[in-house]
Every structure is written in C-alpha cells, then in structure tokens.
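J.: output the structure for:
(one chain, ligands or ions: 1)
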Amino acid sequence: MTTDQKQTPLDIAIDLKQSEVRIKWQDGHTSVYALDFLRKNCPCALCEEERKKAEATPMYVMSPDLANALGELDPSRPAEKVGQYALQFFWTDGHRSGIYTYAYLRQLG
Ligand SMILES: [Zn+2]
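T.: Here you go, the predicted model:
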C-alpha cells in the first residue's frame, strides 16, 4: 500500500442533508466527516492560530468566528477541487480560505 493510495480519493460525496462529507479512498478506506468538525478544523492560517492559542491557554476565548462556526456549506457551491491535491469548502459564513489537502483530510479521518 502506498501513501499515494491512502491520500487519493476515489469518490467524494458532499451530503448537505446529513451535514457530512464522505470520502472513499483508493486504498478502500472510507472517511466520514461532520461538516461542523471540518469547519472547526479549517486549515487556514487564521483558524490554525486560534486552535493553537486555545490549546496553549486554558482560559483563552476563541474568536466567535471559529467558536460559533456553523459548518454549513453554500448549497449552490459547497466545495471545489483544488488541483489534484485538495478540496476547498465554501462555508455560508463566508469563510473559504482553508485548503483541505487530501493528506490533511486523511489524517483527520
Ligand atoms: Zn479558516
């Protein structure tokens, strides 16, 4: 089994009714992600910074943007592929700077 197969999606299903994303990988594994979970794990620099601060500081108050993020995708344009290596999600709160690489998604799943 190569790392490539583990990080290459065969099929990506974005299920807005169930509020989840399902990815079937080439190695046969299927990962299911709740949209809330994906939104809270947004890999953009801003959100990453927030998560790091929250981890390091017990009393840290996360920015409401991230803490209250709903994890809802724009139904007319929920996500797009970025090249061969990543997905970009379009959240209804306007946040869209996170590029979720397949390597990152596989790790999250
Ligand atoms: Zn973000």
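J.: the chain against the ion: which residues are in contact?
T.: Cys42, Cys44, Cys47, Gly98 (CB under 5 Å from the ion). For the C-beta atoms, the positions are set from N, CA and C on the backbone; glycine is no exception.
J.: can you rerun that using 8 Å?
T.: By CB under 8 Å from the ion, the residues of the chain that approach the ion are Cys42, Pro43, Cys44, Ala45, Leu46, Cys47, Glu48, Leu66, His95, Ser97, Gly98.
J.: give me the buried subset of those residues.
T.: If you count burial by 16 or more other CB atoms under 10 Å, the buried members of the residues of the chain next to the ion come out as Cys42, Pro43, Cys47, Leu66, His95, Gly98.
J.: and the nearest residue to the fourth one once chain neighbours are set aside, what does it touch?
T.: When you say that, I think you mean Leu66. The shortest distance from Leu66 to any non-neighbouring residue, by CB to CB, 6 or more residues apart in numbering, is to Glu50 (4.9 Å). Listed by CB atoms under 8 Å, 6 or more residues apart in numbering, the contact partners of Glu50 are Met62, Ser63, Leu66.
J.: nearest to Tyr104 among those?
T.: Among these, Leu66 lies closest to Tyr104 (CB to CB), at 16.9 Å.
J.: my guess is that closest one contacts Cys47, does it?
T.: Yes - the pair Leu66 and Cys47 passes the contact test of CB atoms under 8 Å, sitting 5.6 Å apart.
J.: ok, Ile12 touching Ile23?
T.: Yes - at 5.3 Å, Ile12 counts as touching Ile23 under the criterion of CB under 8 Å.
J.: beta partners for the residue lying closest to Thr30 once chain neighbours are set aside?
T.: If the residues on either side of it in the chain are set aside, Thr30 comes closest to Lys24, at 4.9 Å by CB to CB, 6+ apart. Per DSSP bridges, the residues bridged to Lys24 are Asp11, Thr30.
J.: cool, and Thr101?
T.: The partner list for Thr101 in beta bridges (DSSP bridges) reads Ala86.
J.: what about it, neighbour count?
T.: Other residues near Thr101 come to 15 when the count uses other CB atoms under 10 Å.
J.: ok, now how distant is the residue nearest to Thr30 from Arg51?
T.: The gap separating Lys24 from Arg51 is 28 Å, by CB to CB, to the nearest Å.
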